[in-house]
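1. Structure for the following, please:
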Amino acid sequence: MRQQIVAGNWKMNQTLEEGIELTRLILEKIDKPKGLVVIAPPLTHLKEIGKMLKVRKHFHLGAQNCHQEEKGAYTGEVSANMLASVGCEFVIIGHSERRQYFKEKNDVLAAKVNVVLSKGMRPIFCCGEPLHIREVDTHVGYVAKQLKASLFHLNEADFRKVVIAYEPIWAIGTGRTASSQQAQEMHHAIRVLIAKKYGKGVADSTSILYGGSCNAQNAAELLSQPDVDGGLIGGASLKADDFAVIVAAMK
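-> Residues are numbered from 1 along each chain as shown. Purely as a prediction, here's the structure:
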């Protein structure tokens, strides 16, 4: 059975004190999750939040981004090695907000995937289409290009460590959500693409998360789909009660 994962992406929210309290509440409300729970707080909080997660089974520390170079004169950036040194196990790569606001391209994301893997961490690689692509029904081809450019250079052993998060860009932070049927269609299409490249065994073992405005109200329906293996959660991860409901929806 594929690994079920719910990852909370706090984005640029929560002071350290607020983050510690939120983590305390999350740990209090989630007892024995059916899969992995990843918390990705702001960079400044990683060490403290990581200490809290470390004592609980199935809880893991994630980062929201890293630089593609190992070190150097890149003011304001953080390296994969730095993230690993504070206990990060997962790193979100290619989130639609990084692509939009920081103009991250597929080749840069491929380099980030490489460096994350080289430091023993697992990338959560985000892919997805904007509304105008969805409206002309070319979304599968659009996402296929993202996967081929940023992931499909990996050998099988490295690819098996990758988690994929499908995030329809038109549903990020808009309150709009892909229907469970739309999510399942795209997750299945991604799995077919993986099977063509790496074989059915690899495809069947790859965790594909849904990342488009998943919340406490729609999580059960979305996560019940056969090819949806969890969620990459934004706003709802900032509310312990809502996040606990989503985690409970894991298969």
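2. Stretch 156-175 spans what distance, first to last residue?
-> Stretch 156-175 has its terminal residues 36 Å apart, counting by Cα to Cα, to the nearest Å.
3. tell me the mean pLDDT over it?
-> Stretch 156-175 carries an average pLDDT of 91.
4. and if you look at stretch 185-204?
-> For stretch 185-204, mean pLDDT rounds to 98.
5. Would you mind listing where the chain has pLDDT under the threshold?
-> Applying pLDDT under 70 to the chain flags residues 173.
6. buried stuff in stretch 234-251?
-> Across stretch 234-251, burial judged by 16 or more other Cβ atoms under 10 Å covers 234-240, 242-250. Just so you know, the C-beta spots here come from the backbone N, C-alpha and C atoms, and that holds for glycine as well.
7. Please, where are all the strands along this structure?
-> 5-9, 36-40, 59-63, 90-93, 122-127, 163-166, 208-210, 230-233 (DSSP state E).
8. Leu147: which of those is closest?
-> Leu147 lies closest to strand 122-127 among those, at 6.1 Å (Cβ to Cβ).
9. So what are the sheet partners of that closest one and their directions?
-> Next to strand 122-127 in the sheet, as set by DSSP bridges, lie strand 90-93 (parallel), strand 163-166 (parallel).
10. Pipe the ones you listed into a markdown table and attach distance to Ile49 per row.
-> Output for the strands paired with strand 122-127, formatted as a markdown table (distance: least, Cβ to Cβ, whole Å):
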| stretch | distance to Ile49 |
| --- | --- |
| strand 90-93 | 13 |
| strand 163-166 | 19 |
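11. For the spatially most central residue of the chain, name its beta-bridge partners.
-> Centroid-nearest residue in the chain, with Cα atoms, centre = their mean: Ile124, separated by 4.2 Å. Taking DSSP bridges as the rule, Ile124 bridges to Ile92, Val163.
12. picking up where we left off before, could you identify which of the strands of the chain is most buried?
-> strand 230-233 (a mean of 29; mean count of other Cβ atoms under 10 Å).
13. Any idea how many residues pack against the residue found closest to Ser180 once you drop the neighbours it is linked to in the chain?
-> Nearest residue to Ser180, sequence neighbours excluded (Cβ to Cβ, 6 or more residues apart in numbering): Glu221, at 4.8 Å. When neighbours are counted by other Cβ atoms under 10 Å, Glu221 registers 16.
14. Val163 reaches Cys127, doesn't it?
-> No. In this structure, Val163 is not within contact of Cys127 by Cβ atoms under 8 Å, at 11.5 Å.
15. returning to that earlier point: of the strands of the chain, which is nearest Glu77?
-> Comparison of the strands of the chain against Glu77 by Cβ to Cβ identifies strand 59-63 as nearest, at 12.0 Å.
16. how about that closest one as PDB, C-alpha atoms only?
-> Provided in PDB are the C-alpha atoms of strand 59-63 (Å, rounded to 0.1, in the frame of the first residue of the first chain):
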ATOM      1  CA  PHE A  59       5.500  13.300  12.600                       C
ATOM      2  CA  HIS A  60       8.200  14.800  10.400                       C
ATOM      3  CA  LEU A  61       9.800  18.200   9.800                       C
ATOM      4  CA  GLY A  62       9.700  19.800   6.400                       C
ATOM      5  CA  ALA A  63      10.900  23.000   4.800                       C
END
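17. what is Gly8 paired to in the beta sheet?
-> Gly8 has the following beta-bridge partners by DSSP bridges: Ile39, Ile233.
18. show me what contacts it?
-> Neighbour list for Gly8: 26, 37-40, 233, 237-238, 243 [criterion: Cβ atoms under 8 Å, 6 or more residues apart in numbering].
19. Scan the protein for its longest helix.
-> helix 180-198 (DSSP state H).
20. buried stuff in that one?
-> Across helix 180-198, burial judged by 16+ other Cβ under 10 Å covers 180, 182-191, 193-194, 197-198.
21. thinking again about what came up before, which one of the strands paired with strand 122-127 lies nearest to Cys66?
-> Using Cβ to Cβ, the strands paired with strand 122-127 put strand 90-93 closest to Cys66, at 5.4 Å.
22. Before I go, just wanted to say thanks for your time.
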